[in-house]
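Engineer: sharing a sequence plus its predicted fold:
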Amino acid sequence: MRGFTLNAEAQDPFSIDGKEDIAITKQNFNSIKWSLILCDFWGSVNASLIAQLLSGAMGKEFTDEQVIVAGERIWNIGRMFNVREGFRRKDDYLPSRFLNEPLLSGPSANRIISRERWDQMLSHYYAKRGWNENGIPRRETILRLQFDPPLFARLEHL
């Protein structure tokens, strides 16, 4: 649910092309939306509306881009917390059953996403996020998102 890409993937759920972009966009947006306690069922909510709401509430102007970057910052601070607690690439896998046992019926019958394909998608996702191959945000990402540089020093040795 954190990214909820289901509707965006309806065309071909087994294609890996562009999935990382869909996931990142949805995760960043939901991070800011949920931090404002906005309902998932409010269908017309978007970055522009959130920027307008924040501008009115805070008394200063916010842009769509600032809203999206705020969501990205929220997602990354969550990741950094998890990394600090020992979370790594090994923890970003589906249960083995999902990677090995195909569904028995329906449009996805007899199909799986292999561990190799999952690895490939995960590597693409990490690269797009600005994380290393172990899922740890890179120094450049921390600086771009304007986190305090000592955060990286604490992550760097992990």
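Structural biologist: Here it is on my side, so go on. Treat the numbers as computed from the prediction; the structure is a model and nothing was measured.
Engineer: could you list the low-pLDDT ranges of the protein?
Structural biologist: For the chain, residues meeting the criterion pLDDT under 70 lie at 1-11, 149, 151-158.
Engineer: just the helices in this structure please.
Structural biologist: Per DSSP state H, the chain carries helices over the ranges 19-35, 47-58, 64-84, 96-100, 115-129, 139-144, 150-156.
Engineer: CSV for the ones you listed, including distance to Ser108?
Structural biologist: C-beta coordinates here come from the backbone N, C-alpha and C atoms, glycine included. Shown next, in CSV, are the helices of the chain (distance: least, Cβ to Cβ, whole Å):
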stretch, distance to Ser108
helix 19-35, 15
helix 47-58, 32
helix 64-84, 28
helix 96-100, 11
helix 115-129, 14
helix 139-144, 34
helix 150-156, 37
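Engineer: what sits against Phe62?
Structural biologist: If you count contacts by Cβ atoms under 8 Å, 6 or more residues apart in numbering, Phe62 has them with 50-51, 54-55.
Engineer: again, only this time at 10 Å
Structural biologist: By Cβ atoms under 10 Å, 6 or more residues apart in numbering, the residues touching Phe62 are 47-48, 50-56, 70.
Engineer: got a winner among the residues you listed for most neighbours?
Structural biologist: Ile50 (23 neighbours; other Cβ atoms under 10 Å).
Engineer: how about that one, what does it touch?
Structural biologist: Applying Cβ under 10 Å, 6+ apart to Ile50 gives the contacts 29, 32-33, 35-36, 38, 62, 64, 66-68, 70-71.
Engineer: state the distance from the closest residue to Glu61 other than its chain neighbours to Ser15.
Structural biologist: Computed as Cβ to Cβ, 6 or more residues apart in numbering, the closest residue to Glu61 that is not its neighbour in sequence is Ser55, at 5.1 Å. In this view, Ser55 and Ser15 are 38 Å apart by Cβ to Cβ, to the nearest Å.
Engineer: go on, Gln120?
Structural biologist: As judged by Cβ to Cβ, Gln120 and Ser15 stand 12 Å apart.
Engineer: before we move on, what about Val69?
Structural biologist: Distance from Val69 to Ser15, counting by Cβ to Cβ: 28 Å.
Engineer: for Gly86, same thing?
Structural biologist: 33 Å.
Engineer: equivalent analysis for Ser96, please.
Structural biologist: In this structure, Ser96 and Ser15 are 22 Å apart, going by Cβ to Cβ.
Engineer: burial count for Ala127?
Structural biologist: 13.
Engineer: next: Lys60.
Structural biologist: 7.
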